[in-house]
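Undergrad: Here is my input; please provide its structure:
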Amino acid sequence: MPPVGPRVPTVRPRSPRPDRVNDSAVGTVRFRRPGGAGTGAPGTRPPQSRRSGAPMSTEALQRVLRGPTGLGTASLYPGRRETAPVSPGTPIPGLYHHPVTECDPTRVAEVDRRIKTWAMDEIELYPPEWEEEFDGFRVGEYMTVCHPDAPTVDHLMIAARLMVAENAVDDCYCEDHGGSPVGLGGRLLLAHTALDPLHTVGEYQPPWAASLHADAPRRAYHSAMEHFLEAATASQADRFRHDMARLHLGYLAEGAWDHMDHVPEVWEYLAMRQFNNFRPCPTITDSVGGYELPADLHAQPAVQRVIALASNATTVVNDLYSYTKELDSPGTHLNLPVVIAEREGRTAREAYLKAVEVHNELMHAFEAESAALAAACPVPVLARFLRGVAAWVDGNHHWHQSNTYRYSLPDFW
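TA: Numbering: from 1, shown residues only. Next up is the predicted model:
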């Protein structure tokens, strides 16, 4: 792909953030600690009611994680309809998940239109021969169903650009389209400077600025980050950079194992996947929703644990739905069923079903500890953020299940 002509990044005047909501002012946060939430170890009890101390009912848990439903609540989720969709694809038998309600097809189409214009015309991210694969990714539906409380299409485009840019780095640097573990560290480091800019002396600033347009992944990172900075606060941007550094560290670990032809222990693989996972996507749920979870709340260990559990569960979903796709690719592609089969001496079927159990345990832990956290820290902005993360988890599963262009299930049932 021909590179876009180099230019020195400019500082854009920051426009008012659209529809930003100030849910609450939060000072020092004091947590009540039911059920061990936030201790760094799984809770040993079901989430408790903040008033009575009794176990929370299923209905109460759903109110915490899924938000209000019923007459008069539709305006809280402007991109979501009240009826359930008829989705293609079959959910994995036995996989614990929640269905999503139908998202606005007008929004889906508009996000698809804008993201394709951005990717193909503005930054020349993919050559024309990859257009069908780009369309098959179904970005518009993915982002719309994962962010039902996004106030506008502009907000959804924040997530769409970042998602497409991250996928391009994964494809072009690591996997499907010319990726290789050889030299991966250098490529990722230079790409990361498109998110976390270089501060250096005047002589070397121009060549670095030109390098941001040297290849498609860096162009994507640079452009997506510029758009993100127009809508995000400084703390939200710094949070995202941190989670992208985590992602790149996971890429490096997986690349190193691939280079050595090494199959890690199951716990080692899960440790790698806690970094090489979807975390940068749900971590921006407040930016896409037009509000901010304050930095001191986001940094609390209990909040970090909930985000990690959600991100880990959604990444196992990816391992499970992409299993047959990865088996068909050259070489040995690490995913949870493959690692379990190798390290625990199980058949392919047994290993796959064990991976389903791992996912379900992560999901139950995420939901229980989210509810316990909401009870321990009854701050409206935190409850909204937790609902947003839960919606992202549900939407991510829906996209994997319904994207039959990319995924099919093994014949294990």
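
Undergrad: so where's this structure shaky on pLDDT?
TA: When residues are selected by pLDDT under 70, those of the chain lie in 1-87, 176-179.

Undergrad: got the contact list for the most centrally placed residue in it?
TA: Closest residue to the average C-alpha location of the chain: C281 at 2.8 Å, with CA atoms, centre = their mean. Residues near C281 by CB atoms under 8 Å, 6 or more residues apart in numbering: C146, A159, L162, M163, W392, N396. Quick note: C-beta positions are derived from backbone N, CA and C, even for glycine.

Undergrad: Now it, what are its backbone angles?
TA: With angles defined as degrees, to the nearest 10, C281 sits at phi -80, psi -60.

Undergrad: and it, how far is that from C377?
TA: In this view, C281 and C377 are 23 Å apart by CB to CB, to the nearest Å.

Undergrad: And for T324?
TA: 42 Å.

Undergrad: more neighbours, the two?
TA: C377 (23 against 12; other CB atoms under 10 Å).

Undergrad: Can you show me the helices along the stretch 301-413 of the chain?
TA: 301-321, 323-327, 336-344, 348-376, 380-402 (DSSP state H, counting those that start in this stretch).

Undergrad: how about the ones you listed in a markdown table, adding distance to A220?
TA: Below are the helices of the stretch 301-413 of the chain laid out as a markdown table (distance: least, CB to CB, whole Å):
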| stretch | distance to A220 |
| --- | --- |
| helix 301-321 | 20 |
| helix 323-327 | 23 |
| helix 336-344 | 28 |
| helix 348-376 | 30 |
| helix 380-402 | 20 |
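
Undergrad: Verify the contact between P151 and G289 for me.
TA: Yes: in this structure P151 lies within contact range of G289 using CB atoms under 8 Å: 7.4 Å.

Undergrad: between the two, which one's more packed in?
TA: Neighbours were tallied for P151 and for G289 using other CB under 10 Å; the higher tally belongs to G289 (24 against 18).

Undergrad: show me what contacts the residue lying closest to A232 once chain neighbours are set aside?
TA: Of all residues not flanking A232 in the chain, S287 sits nearest, at 4.8 Å (CB to CB, 6 or more residues apart in numbering). Shown in contact with S287 (CB under 8 Å, 6+ apart): H155, I158, F228, A231, A232, Q236, F240.

Undergrad: Out of those residues, which comes closest to D170?
TA: Distance to D170 across the contacts of S287 (CB to CB) is lowest for F240, with 16.6 Å.

Undergrad: For that closest one, which three-state class applies?
TA: For F240, the secondary structure call by DSSP: H, G, I helix; E, B strand; the rest coil comes out as helix.

Undergrad: try V100
TA: coil.

Undergrad: Next, count neighbours for it.
TA: V100: 23 neighbours (other CB under 10 Å).

Undergrad: Next, it: phi, psi?
TA: Dihedral angles for V100 - degrees, to the nearest 10 - are phi -110, psi 160.

Undergrad: I'd assumed W392 was in contact with it.
TA: No: no contact is recorded between V100 and W392 when judged using CB under 8 Å, the distance being 10.6 Å.

Undergrad: from the chain's centre, how far out does the helix or strand in which Q236 is found sit?
TA: Assigned by DSSP states H and E, Q236 belongs to helix 234-260. Its chain's average C-alpha position is 13 Å from that of helix 234-260, according to CA atoms, centre = their mean, to the nearest Å.

Undergrad: Buried residues, it. List them.
TA: 236-237, 239-241, 243-248, 250-255, 257-258 (16 or more other CB atoms under 10 Å).

Undergrad: In this structure L382 contacts L293, no?
TA: Yes: with contacts counted by CB under 8 Å, L382 reaches L293, the gap being 6.6 Å.

Undergrad: Mutual contacts of the two, please.
TA: What both L382 and L293 touch, as defined by CB under 8 Å, 6+ apart, is the set V303.

Undergrad: rewinding a little: got a ChimeraX select line for the buried ones in the contacts of S287?
TA: To isolate the buried members of these in ChimeraX, using 16+ other CB under 10 Å:
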select :155,158,228,231,232,236,240
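
Undergrad: Kindly reformat the contacts of S287 as JSON lines containing secondary structure and distance to G183.
TA: Formatted as JSON lines, these follow (DSSP: H, G, I helix; E, B strand; the rest coil; distance: CB to CB, whole Å):
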{"residue": "H155", "secondary structure": "helix", "distance to G183": "36"}
{"residue": "I158", "secondary structure": "helix", "distance to G183": "31"}
{"residue": "F228", "secondary structure": "helix", "distance to G183": "27"}
{"residue": "A231", "secondary structure": "helix", "distance to G183": "34"}
{"residue": "A232", "secondary structure": "coil", "distance to G183": "31"}
{"residue": "Q236", "secondary structure": "helix", "distance to G183": "32"}
{"residue": "F240", "secondary structure": "helix", "distance to G183": "25"}
